[in-house]
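Undergrad: build me a model from this:
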Amino acid sequence: MEMQPEGGRFVNFDHVTFWVGNAKQIVFIFVSTYLPGNQELGDHLVQHGDGVKDVSFAVEDLDSILQKAKERGAKILRDIWEESDEDGTVRFAQVQTYGDTTHTFVDRSQYKGSFLPGFHKPLFEDPLTAILPPCKLDFIDHIVGNQPDLGMESVAQWYERNLMFHRFWSVDDTQLHTQFSALRSIVMTNWEETIKIPINEPAPGKKRSQIEEYVEYYGGAGVQHIALNTQDIIEAIRNLRARGTEFLSIPDTYYDTLRERLKADSIIIKEDLDILQELKILIDYDENGYLLQIFTKNMQDRPTLFLEVIQRHNHNSECIRISVEGEWGSPFTFDRESNPDLFVTGSPVYRRTHLRPVFLKVWFVEAFRAARKKFGDNNQLTNVDQR
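TA: Down below sits the predicted model:
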């Protein structure tokens, strides 16, 4: 049973910039180190490689949210602190969630600046940004956390107990599986359902699943992928490819099968299927609507973090089923061992809710070629603003 929080309000993910042309909608913070001696950052890099360290939420009534989290037993990593500049004051607090991942609560009700205190426009603007096409990415759709086997339920309960989130939907291995592997998933969301956090765990299968592989290479639970919503996925993917983004390839047999399925179904896809095939964009649909999605290749040398771009057309089904039939031997996904470059994943979907600007604080620790024994004390935050 869903229960409204007794106090405070989670608004949404806060704000993120990576390669995004629309820097007022999505912002990533990258944290690295300059000088030897930073044991925390060094240990994190050695164990996990590059990855998401912190996912921040914009909140209202921070005091109430943190007090309730304390009462329910959440591990408070840092109590309320403030940061200020000429544009006002932002209040923060930080808690521990699954694995080494953290959540920072951000209360910017007394702040009028464009982002956070201490951030400013870059001193140098890459001249290429003036000629590269805009990315057409709007907001964070969802952020997925992978867990070891039997770790999903306890994490879901953590969000229910400490943040007063509720279960948006769940799916088990009888519903999402292939002949090779399976997974279970619970989507956690806040009261207003503006934040979606799918929690996945592997289920027994003939082969090692994608989630098992993630947990092994990442060294535990962590953020698997970040989905970015767009109003025009065709233009977005064309532009992202022009900017150098690499996406997973999809075989033509997928689209041949899709065309045959669509002949027998009532759903009408507005986009040109030939263009979707050219760009290798995937399609999922039910009787109510459809969605379009595509996945990037892994963003580092380990098979862990990647990004998703997604566009929704009234698609409210419980999960994306990637229909890849024929020579791949599976109705839902590729056999990764036989086709390592064509690896894709199923992920949860939900009702589309347009979010206010969002903030994802990413501890995207730079992958050094040789793991140093010691790392620096001085962390440098860089606001990557690519228009």
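Undergrad: switch to C-alpha atoms for all contacts and neighbour counts from now on
TA: OK.
Undergrad: any weak-confidence spans in the stretch 51-200 of the chain?
TA: For the stretch 51-200 of the chain, the stretches flagged by pLDDT under 70 are 172-181.
Undergrad: ditto for the stretch 251-387 of the chain
TA: Using pLDDT under 70, the flagged stretches of the stretch 251-387 of the chain are 316-387.
Undergrad: ranges for the strands of the stretch 101-250 of the chain?
TA: Along the stretch 101-250 of the chain, the stretches classed as strands by DSSP state E, counting those that start in this stretch are 102-111, 139-146, 166-171, 182-189, 196-203, 222-229.
Undergrad: could those strands go into CSV alongside distance to residue 119 and mean neighbour count?
TA: Formatted as CSV, the strands of the stretch 101-250 of the chain follow (distance: least, CA to CA, whole Å; neighbours: other CA atoms under 10 Å):
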stretch, distance to residue 119, mean neighbour count
strand 102-111, 13, 20
strand 139-146, 20, 25
strand 166-171, 34, 18
strand 182-189, 30, 24
strand 196-203, 27, 25
strand 222-229, 23, 23
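Undergrad: for those strands, which one sits closest to residue 33?
TA: Closest to residue 33 of the strands of the stretch 101-250 of the chain is strand 102-111 (CA to CA; 19.2 Å).
Undergrad: what packs against the closest one?
TA: strand 54-60, helix 62-71, strand 88-96 (3 or more CA pairs under 8 Å, 6 or more residues apart in numbering; DSSP states H and E).
Undergrad: comparing these, which comes out most buried?
TA: The highest mean neighbour count among those, using mean count of other CA atoms under 10 Å, belongs to strand 54-60: a mean of 22.
Undergrad: and that strand with strand 139-146, angle?
TA: Strand 54-60 and strand 139-146 meet at an angle of 130 degrees, taking axes from the mean of the first three to the mean of the last three CA atoms, to 10 degrees as the criterion.
Undergrad: now find how far off-centre strand 54-60 is within its chain.
TA: The chain centre lies 14 Å from the centre of strand 54-60; the measure is CA atoms, centre = their mean, to the nearest Å.
Undergrad: strands paired with that strand, and their directions?
TA: strand 9-13 (antiparallel), strand 102-111 (parallel) (DSSP bridges).
Undergrad: one step back: would you turn the strands of the stretch 101-250 of the chain into a markdown table with distance to residue 73?
TA: Compiled in a markdown table, these are given as follows (distance: least, CA to CA, whole Å):
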| stretch | distance to residue 73 |
| --- | --- |
| strand 102-111 | 15 |
| strand 139-146 | 21 |
| strand 166-171 | 17 |
| strand 182-189 | 19 |
| strand 196-203 | 20 |
| strand 222-229 | 21 |
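Undergrad: tell me which of the ones you listed sits nearest to residue 68.
TA: strand 102-111 (13.1 Å).
Undergrad: restricting to C-alpha, output the closest one in CSV.
TA: Extracted in CSV, the C-alpha atoms of strand 102-111 (Å, rounded to 0.1, in the frame of the first residue of the first chain):
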residue,chain,number,x,y,z
THR,A,102,25.3,7.5,-2.3
HIS,A,103,22.3,9.9,-2.5
THR,A,104,22.7,13.6,-1.9
PHE,A,105,19.6,15.6,-1.1
VAL,A,106,19.7,19.1,-2.6
ASP,A,107,17.5,22.0,-1.3
ARG,A,108,17.9,25.0,-3.5
SER,A,109,14.9,26.9,-2.3
GLN,A,110,17.1,29.8,-1.2
TYR,A,111,19.3,29.8,-4.3
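Undergrad: what's the angle from it to strand 222-229?
TA: Calculated by the same axes, to 10 degrees, strand 102-111 forms an angle of 40 degrees with strand 222-229.
Undergrad: which residues sit against strand 102-111?
TA: Under the contact criterion CA atoms under 8 Å, 6 or more residues apart in numbering, strand 102-111 has outside partners 14, 53-62, 87-97.
Undergrad: ok and it relative to strand 88-96, angle-wise?
TA: Going by the same axes, to 10 degrees, strand 102-111 makes 160 degrees with strand 88-96.
Undergrad: how far is strand 102-111 from where the chain is centred?
TA: For strand 102-111, the distance to the chain centre is 19 Å (CA atoms, centre = their mean).
Undergrad: likewise stretch 146-157?
TA: Averaging C-alpha positions (CA atoms, centre = their mean) puts stretch 146-157 17 Å from its chain's average.
Undergrad: one more: stretch 57-68?
TA: 22 Å.
Undergrad: same deal with stretch 72-91?
TA: How far stretch 72-91 lies from its chain's middle: 24 Å, per CA atoms, centre = their mean.
Undergrad: look at residue 30 and tell me its secondary structure.
TA: Classification of residue 30 by DSSP: H, G, I helix; E, B strand; the rest coil places it in strand.
Undergrad: which among the strands of the stretch 101-250 of the chain is found nearest to residue 212?
TA: strand 196-203 (6.1 Å).
Undergrad: cheers, nothing more for now.
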